[in-house]
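[1] Just to be clear, the model below is a prediction. Sequence and coordinates:
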Amino acid sequence: MKKKLLILPFLMTTLYNGCAPKTSPIVIQTDSTSTDSSASIPPQLRDLPFSYSKFRTVQGQTLTVGKNRTGFTFPDFKGKIILLEVFGQNCHYCLESLPFISKLNSKYHKKLQVIGLQVQEKMSKLKSNSLIQQFNIDYPIIERDSATNLMITLRDNYEWRGVLPLTLLIKDGVTQEIFKGETSQEELEKAIQELL
C-alpha cells in the first residue's frame, strides 16, 4: 500500500494527460528482408524476459500482460497483432477515434486485437458502460487504477508524457509503430495491413 502511494504522486507529476492533435507516427524499423520482427533488435534486448502482471478490465475480466524494454505481450491473444490504445475518458481526440478503432477491431478480428488503456481519472461503472455502448466497444479496457506499472513502462520506454491519445502497434511482443496524438483510420489501417 505504501509503495503505491509513493508511485502515484510521482506519476501524476510526470504525466499530465493532455490531448494532442495529429502527429507523425514513429516507425520502429525492422529488417524488411526478414520475417522475424525481432531481427532489428539488438540481441541483448531481444532476449530480455517479460515480466507478467494481471489486470482487471472495466468489463470484469482478467487480462495478462507481459512487458519488457522491446514491447508488451498479451498471452491471451497469442499470434495476433495488438493495437494498444492509450486514451482518456475526457480527451476529445481519443473519443473521436473510438468508433474507427472499434471498426478496425471488428474488420481484422482474426489477426488483430485492440486493447484499451484508460489513463485519466478512474471511470465510474456508469461512465464505462456508457462509453462501451456509445462507441460499440467490444475489446477489453484496462482502467488506470490498476495500470500504474504499465504507465511507468510507457513513460520509461516510449518517452510518453501523458499526451493522448497514444497508439502502439505490437507484433510478436515487439512494438512496431507508435502514433502520438490524433491519428486517422487510414493511417492506422495502412500500418496494420503492413504488419499482416
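    Now that the structure is in, tell me what you want to look at.
[2] and the most centrally placed residue in the chain, what is it in contact with?
    Geometric centre of the chain, nearest residue: Leu84, 2.5 Å, by CA atoms, centre = their mean. Contacts for Leu84 (CB atoms under 8 Å, 6 or more residues apart in numbering) come out as 72, 115, 117, 167-170. From N, CA and C alone the C-beta is placed, and that goes for glycine too.
[3] which one's the longest helix in this structure?
    helix 92-107 (DSSP state H).
[4] can you pull the buried residues of the next helix or strand after that helix?
    On the C-terminal side of helix 92-107, the nearest following helix or strand under DSSP states H and E is strand 112-118. Going by neighbour count (16 or more other CB atoms under 10 Å), the buried part of strand 112-118 is 112-118.
[5] Which parts of the chain are strands?
    Along the chain, counting by DSSP state E, strands occupy 26-27, 51-56, 62-68, 71-73, 81-87, 112-118, 141-143, 166-171, 174-180.
[6] Redo the ones you listed as TSV? Include mean pLDDT and distance to Ser97.
    Listed next are the strands of the chain as TSV, based on pLDDT from 0 to 100; distance: least, CB to CB, whole Å:
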stretch	mean pLDDT	distance to Ser97
strand 26-27	44	17
strand 51-56	91	22
strand 62-68	92	21
strand 71-73	89	20
strand 81-87	97	7
strand 112-118	97	11
strand 141-143	95	14
strand 166-171	96	8
strand 174-180	93	10
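[7] hmm, back to that, from the contacts of Leu84, which two are the most distant?
    Leu117 and Leu169 (14.1 Å; CB to CB).
[8] so what's Thr153 closest to, chain neighbours aside?
    Spatial nearest neighbour of Thr153, excluding adjacent residues (CB to CB, 6 or more residues apart in numbering): Lys67 at 5.0 Å.
[9] go on, Asn149?
    Per CB to CB, 6+ apart, closest to Asn149 is Ser53, 6.4 Å.
[10] The one you found touches Leu63, doesn't it?
    No: when contacts are counted by CB atoms under 8 Å, Ser53 is not listed as touching Leu63 (9.4 Å).
[11] Neighbour count: the two, which is higher?
    Neighbour comparison, Ser53 and Leu63: the larger count goes to Leu63, with 19 against 14 (by other CB atoms under 10 Å).
[12] Provide the partner residues of that one in its beta bridges.
    Phe55 (DSSP bridges).
[13] I'd guessed it sits against Thr57; true?
    Yes: the pair Leu63 / Thr57 is scored as a contact, 5.6 Å apart, by CB under 8 Å.
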